[in-house]
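*Asks:* I'd like to go over a predicted model; first the sequence, then the structure.
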Amino acid sequence: MEPSKKRVHFIAIGGSAMHNLAIALHQKGYEVTGSDDEIFEPSRSRLEHLGLLPDRLGWFPENLTGDIEAVILGMHARADNPELKRAQELGIRVFSYPAYFHEQTKDKTRVVVGGSHGKTTITSMIVHVLRHVGSSFDYLVGAQLEGFDCMVRLSAASSVAVIEGDEYLASTLEPVPKFHLYKPDIALLSGIAWDHINVFKTFASYVDQFRTFIRLIEPGGKLIYCEEDPEVKALALESGVTAQAIPYGVPPHVIRDGVTYLVTQKGEVPLQVFGRHNLMNLEGARHVCHQLGIGDAEFYAAIAGFRGAAKRLEKLAEQERKVVFKDFAHSPSKLKATVEAVREQFPDRRLVACMELHTFSSLSEGFLDQYKGSMDQADAAIVFYAPHAVQLKRLPAIPAERIHQAFGRSDLQVLTDPIAVMGAVRQDIREGSVLLMMSSGNFGGVDLQALAEAFIA
């Protein structure tokens with residue numbers, strides 16, 4: 001059957017990865033239909049623009065007919081979903097989106113980037129370099145990249161697929177980490193720091209997911225790993241690992257006037273990203289590109305133009321000696337790495353760091369102590385959380401004193417009102433300062449662009 005005749009149906013099409021995969025299949029020539037009980041922006045507008053937006057919200061078993069080749073099930077859909085039950089009655093193959101992406105790329109060289117932190121940036125760096133050198137490749141990335149309309153691509157012409165390997169669960173029918181389903185030929189493991197505690201109740205069970213990921217590397221495959229992370233290094237060097245292990249760390253570099261330069265055999269390479277963690281990310285990406293046949297000269301020429309993935313130390317505003325960044329950092333390891341990166345880059349400026357406790361893990365009383373010391377490098381530290389978010393996650397309220405204790409800073413400001421966040425930041429405006437806003441949420445609806453412009457004005 002010709003690709004243009006193939007039909008796939010998405011249950012929960014509105015998800016971030018789901019709607020991007022739907023768009024990628026539409027662009028490949030498939031007939032795509034879908035359903036969901038809620039679809040937010042930007043998914044809604046992007047699906048509507050291509051004629052893929054469902055006519056109505058909800059689940060309708062009549063959407064499922066015998067001519068459908070595959071159903072792709074999102075994590076948002078439950079096991080008793082009416083459309084899922086109808087698909088099972090009709091004997092239609094049901095995939096999670098990572099399993100279906102593997103199905104589409106099983107005859108290609110798959111690069112899978114895993115780790116508790118850095119995977120989006122590393123994947124984005126690899127994609128940026130491959131595009132710069134003119135390679136044809138498939139990809140699946142979790143963040144919006146400059147110059148890319150869709151964060152999933154599938155093509156009959158490409159022989160390589162670059163995949164961001166998330167450790168969260170794939171679907172209600174496939175309750176295993178997504179990155180267990182990709183089976184890499186080239187795997188990269190950036191770091192391990194306990195996360196998703198609602199699924200992985202102990203650190204040991206969380207680490208086991210990465211151990212399994214390594215064991216699922218295809219025969220003859222490569223494991224590129226960050227040797228500066230003790231947990232990663234221990235797993236990579238365990239007996240029984242058959243993949244060729246290739247370590248990486250922080251490359252030689254210098255910082256001058258707020259700009260980081262790589263020090264290479266062919267001279268210095270100025271970068272548009274900074275921070276020890278980003279330098280390690282870059283070095284990991286370089287090793288992956290080397291395995292794909294891209295030499296260092298080509299890699300450095302390309303990476304000099306990389307401006308970062310969305311929400312990863314993304315510059316919102318700058319004027320003279322004041323600058324504002326936003327970052328996706330929310331877990332303890334990401335928070336610490338981001339704060340330290342900005343401190344190292346701007347050692348002579350006042351650093352105001354503001355973060356939001358937003359995820360299930362970060363709002364869990366038993367997990368809070370993991371944040372100890374994570375904001376020590378900031379001159380002023382603010383933590384915001386929305387009581388409503390705690391209630392939605394059915395967690396007990398968190399006293400401010402408990403957050404002070406967890407972070408280990410007596411001068412920490414703990415706020416629960418978005419307006420108070422704006423006021424606290426404005427009070428700290430002065431010459432020679434940096435504001436760092438970190439969250440996987442939106443600070444209760446704060447307009448970060450307006451806040452940034454007020455800070456530098």
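*Replies:* Happy to help now that I have it.
*Asks:* and for the residue nearest to residue 168 when sequence neighbours are not counted, the neighbour number?
*Replies:* Counting by C-beta to C-beta, 6 or more residues apart in numbering, residue 168 lies nearest to residue 196, which is 5.9 Å off, once chain neighbours are set aside. For glycine as for every other residue, the C-beta is placed from the backbone atoms N, C-alpha and C. Using other C-beta atoms under 10 Å, residue 196 has 19 neighbouring residues.
*Asks:* repeat that for the one 5 residues further on.
*Replies:* Burial measure for residue 201: 11 neighbouring residues, criterion other C-beta under 10 Å.
*Asks:* may I have the phi/psi pair for it?
*Replies:* With angles defined as degrees, to the nearest 10, residue 201 sits at phi -70, psi -20.
*Asks:* can you list contacts of stretch 97-111?
*Replies:* 8, 17-18, 21, 70, 72-74, 95, 126, 138, 140, 152, 154, 158-163, 166, 170-171, 174, 178-179, 181-188, 218, 288, 291-292 (C-beta atoms under 8 Å, 6 or more residues apart in numbering).
*Asks:* just the helices in the stretch 1-150 of the chain please.
*Replies:* Ranges of helices within the stretch 1-150 of the chain are 16-28, 43-49, 82-90, 97-105, 119-132, based on DSSP state H, counting those that start in this stretch.
*Asks:* elements contacting the host helix or strand of residue 290?
*Replies:* If you go by DSSP states H and E, residue 290 is part of helix 276-291. Contacts defined by 3 or more C-beta pairs under 8 Å, 6 or more residues apart in numbering; DSSP states H and E place helix 276-291 against strand 109-114, helix 119-132, strand 186-189, strand 222-226, strand 244-248, strand 259-264, helix 296-303, helix 332-345.
*Asks:* could you export the ones you listed to a markdown table, including columns for distance to residue 452?
*Replies:* Shown next, in a markdown table, are those (distance: least, C-beta to C-beta, whole Å):
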| stretch | distance to residue 452 |
| --- | --- |
| strand 109-114 | 30 |
| helix 119-132 | 21 |
| strand 186-189 | 33 |
| strand 222-226 | 32 |
| strand 244-248 | 34 |
| strand 259-264 | 21 |
| helix 296-303 | 26 |
| helix 332-345 | 14 |
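*Asks:* pull out the buried residues from the helix or strand of the chain at the bottom of the mean pLDDT ranking.
*Replies:* Ranking every helix and strand in the chain by mean pLDDT, DSSP states H and E puts helix 387-392 at the bottom, with a mean of 81. Using 16 or more other C-beta atoms under 10 Å as the test for burial, helix 387-392 gives 389-390.
*Asks:* so how far is that helix from its chain's centroid?
*Replies:* From the chain centre to the centre of helix 387-392 is a distance of 24 Å (C-alpha atoms, centre = their mean, to the nearest Å).
*Asks:* state the mean pLDDT of whatever helix or strand comes next after it.
*Replies:* From helix 387-392 onward toward the C-terminus, using DSSP H and E, the following helix or strand is helix 400-407. The average of the pLDDT scores along helix 400-407 is 90.
*Asks:* please convert the buried members of the contacts of stretch 97-111 into ChimeraX selection syntax.
*Replies:* Buried members of these, defined by 16+ other C-beta under 10 Å, are picked up in ChimeraX with:
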select :8,17,18,21,70,72,73,74,95,126,138,140,152,154,158,160,161,162,163,166,170,171,174,178,179,181,182,183,184,185,186,187,188,288,291,292
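*Asks:* which residues does residue 44 contact?
*Replies:* By C-beta under 8 Å, 6+ apart, the neighbours of residue 44 are 14, 53.
*Asks:* try 7 Å
*Replies:* Taking C-beta atoms under 7 Å, 6 or more residues apart in numbering, we find residue 44 in contact with residue 53.
*Asks:* quick revisit: reformat the helices of the stretch 1-150 of the chain as JSON lines; add mean pLDDT and distance to residue 376.
*Replies:* Listed next are the helices of the stretch 1-150 of the chain as JSON lines, based on pLDDT from 0 to 100; distance: least, C-beta to C-beta, whole Å:
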{"stretch": "helix 16-28", "mean pLDDT": "94", "distance to residue 376": "33"}
{"stretch": "helix 43-49", "mean pLDDT": "95", "distance to residue 376": "38"}
{"stretch": "helix 82-90", "mean pLDDT": "97", "distance to residue 376": "48"}
{"stretch": "helix 97-105", "mean pLDDT": "96", "distance to residue 376": "37"}
{"stretch": "helix 119-132", "mean pLDDT": "94", "distance to residue 376": "23"}
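*Asks:* can I take it that residue 204 is in a helix?
*Replies:* Yes. Assessed with DSSP: H, G, I helix; E, B strand; the rest coil, residue 204 lies in a helix.
*Asks:* any idea which helix or strand carries residue 193?
*Replies:* Using DSSP H and E, residue 193 sits within no helix or strand.
*Asks:* from residue 429, how far off is the closest residue to it other than its chain neighbours?
*Replies:* Leaving out its chain neighbours, the residue that sits closest to residue 193 by C-beta to C-beta, 6+ apart is residue 333, at 3.6 Å. Using C-beta to C-beta, to the nearest Å, residue 333 is found at 29 Å from residue 429.
*Asks:* now do the one helix or strand residue 419 maps to: which elements does it pack against?
*Replies:* For residue 419, the host element (DSSP H and E) is helix 418-427. Identification of packing neighbours for helix 418-427 by 3 or more C-beta pairs under 7 Å, 6 or more residues apart in numbering; DSSP states H and E yields strand 350-356, strand 380-384, strand 413-415, helix 448-456.
*Asks:* list the buried residues in it.
*Replies:* Neighbour-count burial for helix 418-427, counted by 16+ other C-beta under 10 Å, picks out 418, 421-422, 424-425.
*Asks:* got the contact list for stretch 292-305?
*Replies:* Contacts to stretch 292-305, defined as C-beta under 7 Å, 6+ apart, come from residues 125, 128-129, 132-133, 160, 262, 264, 266, 269-271, 282, 286, 289.
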